[in-house]
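>>> generate a structure from the sequence data that follows.
(3 chains)
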Amino acid sequence: MPEGHSVHRLARQLDDVFAGHRLRVSSPQGRFAAGAALLDGRELLTTDAHGKQLFAHFAGGHVLRVHLGLYGAFSFGGDETFRGASSIGAPRRIGEREAYDDGTEAAYEGPPEPVGQVRARLVSEHGWADLRGASVCEVLSIPETDSVRARLGPDPLAPGTPASGRDEFVRRIGATGTVIAAALMNQSLVAGVGNIYRAESLFRAGLDPWARGRDIPQARLAALWDDICALMADGVRDGHIITTRPGDRRAHQGPVWPDHAYYTYQRQGMPCLLCRTPIGLAELSARKLYWCPGCQAATRTA
DNA sequence: CTAGCATGATCAC
DNA sequence: TGATCCTGCTAGC
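This is a model prediction of the structure:
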């Protein structure tokens, strides 16, 4: 999926184009028919994100909860008020570049015939949004959304970060006996970090991925949190993930994306950009973990 | 053209 | 730990 930064961008996009409008909500595919009926004709009030969870608040206390899972995505279309994004979610290409309309087509004349499995379709007088491939798409009450949020750790993209959330992050990660690389993927400990930010933030912190949370000095956990907050805020701003520092991308000419956008992610076997040690690859709880055995040696963590 | 894989998470065993 | 959800890109034939 789309890590947390994509979901926050999506929340902002939905807010920009739909908040304050009454929407027609449907499920062309059918799997969301009952939920769509609950929302159809209601005004969308606000949309927000907590980690990888999206919450769209409709009038009447109905909340659309979406989790994109591994390959969910929204696509958008409409008049000039919809210009700027046509797809947010699972990446269309490696590097997470989003596709944009060129703005040259004819006037907006309503949503197209649904193509493929459209789980949910939102339509205003100005445009439409189609959701496909999501792992969760359901309508909850406000108390139900509160209980979902209560199970999530601090979000590096919440307002007020990095100061807010830092103590909770250090407390939760510092109390776990599981290895830091697994802990960062546990949404109840920190919400929004995925496989790329996990690998890249550990590299930038020089942390051994197999160090247990409770064995890492608290100051290093605090610094890790601050760096994750900065990286993810960049991701929201840019629309894709770049974790290399400018001086470390020097081998590449032109736009930084996609070459050398990452230090370790999907660079297994290639020389580390800093120490030339071949990047390693391991399986950790059914996900691929990338790290530099040179820069992230166990002796560097303590 | 198809098989395999992907920035995720849950559930059964 | 493995199957599942079930999209879309990509490498390879």
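
>>> name the nearest residue to A:Asn195, ignoring sequence neighbours.
A:Arg287 (5.6 Å; CB to CB, 6 or more residues apart in numbering). Every C-beta, even on glycine, is put in place using the N, C-alpha and C of the backbone.

>>> thought that neighbour was touching A:Met185?
Yes: between A:Arg287 and A:Met185 there is a contact under CB atoms under 8 Å: 6.7 Å.

>>> between these two, which has more neighbouring residues?
Set side by side, A:Arg287 and A:Met185 give different neighbour counts by other CB atoms under 10 Å, the larger being at A:Met185 (18 against 14).

>>> dump the residue contacts of that one.
Residues counted as contacts of A:Met185 (CB atoms under 8 Å, 6 or more residues apart in numbering) are A:Val193, A:Gly194, A:Asn195, A:Arg198, A:Ser285, A:Arg287.

>>> and these as JSON lines, adding secondary structure?
Shown next, in JSON lines, are those (DSSP: H, G, I helix; E, B strand; the rest coil):
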{"residue": "A:Val193", "secondary structure": "coil"}
{"residue": "A:Gly194", "secondary structure": "coil"}
{"residue": "A:Asn195", "secondary structure": "helix"}
{"residue": "A:Arg198", "secondary structure": "helix"}
{"residue": "A:Ser285", "secondary structure": "coil"}
{"residue": "A:Arg287", "secondary structure": "strand"}
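
>>> A:His57: what secondary structure?
Assigned with three-state DSSP, A:His57 falls in the strand class.

>>> got phi/psi on the nearest residue to it once chain neighbours are set aside?
The shortest distance from A:His57 to any residue that is not its chain neighbour, by CB to CB, 6+ apart, is 4.6 Å, and that residue is A:Leu45. According to degrees, to the nearest 10, the main-chain angles of A:Leu45 amount to phi -90, psi -60.

>>> so who does A:Leu45 touch?
Shown here is A:Leu45, whose contacts under the criterion CB under 8 Å, 6+ apart are A:Ala19, A:Gly20, A:His57, A:Phe58, A:Ala59.

>>> so which of those residues wins on neighbours?
Neighbour-wise, the contacts of A:Leu45 (other CB under 10 Å) top out at A:Phe58, 22 neighbours.

>>> and that residue, how close does it get to DNA strand C?
A:Phe58 sits at a distance of 23 Å from DNA strand C (criterion: CB to the nearest atom of the strand, to the nearest Å).

>>> distance of the residue in the stretch 151-300 of chain A positioned nearest to DNA strand B from A:His126?
Proximity of the stretch 151-300 of chain A to DNA strand B (CB to the nearest atom of the strand) peaks at A:Gly194, 2.2 Å away. In this structure, A:Gly194 lies at 32 Å from A:His126, with CB to CB, to the nearest Å as the measure.

>>> who touches A:Trp291 in this structure?
For A:Trp291, the residues meeting the contact criterion (CB under 8 Å, 6+ apart) are A:Ala181, A:Ala199, A:Leu202, A:Phe203, A:Pro209, A:Thr264, A:Ile279, A:Gly280, A:Ala282.

>>> for the fourth one, what are its contacts?
Residues near A:Phe203 by CB under 8 Å, 6+ apart: A:Thr243, A:Tyr263, A:Thr264, A:Trp291, A:Cys292, A:Cys295, A:Gln296.

>>> so what does the lengthiest helix in chain A touch, helix or strand wise?
Using DSSP state H to define each element, chain A has its longest helix at helix A:218-238. Helices and strands touching helix A:218-238, as assessed by 3 or more CB pairs under 8 Å, 6 or more residues apart in numbering; DSSP states H and E, comprise helix A:4-18, helix A:163-174, helix A:195-205.

>>> show me what the first one is packed against.
If I follow you right, that is helix A:4-18. Other elements packing on helix A:4-18 under the criterion 3+ CB pairs under 8 Å, 6+ apart are strand A:44-50, strand A:53-58, strand A:73-78, strand A:87-89, strand A:127-132, helix A:218-238.

>>> dump the first one to CSV, restricted to CA.
So that's strand A:44-50. Extracted in CSV, the C-alpha atoms of strand A:44-50 (Å, rounded to 0.1, in the frame of the first residue of the first chain):
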residue,chain,number,x,y,z
LEU,A,44,-19.5,14.8,3.1
LEU,A,45,-18.3,16.9,6.1
THR,A,46,-14.6,16.1,6.5
THR,A,47,-12.1,13.5,5.7
ASP,A,48,-9.0,12.6,7.7
ALA,A,49,-6.4,9.9,8.1
HIS,A,50,-4.8,8.0,11.0
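
>>> A:Pro246: how many residues sit nearby?
The local packing of A:Pro246 (other CB under 10 Å) involves 8 other residues.

>>> and the one 3 residues further on, by the same measure?
Using other CB under 10 Å, A:Arg249 has 16 other residues around it.

>>> cool, A:Gly72 as well?
Other residues near A:Gly72 number 24, with proximity taken as other CB under 10 Å.
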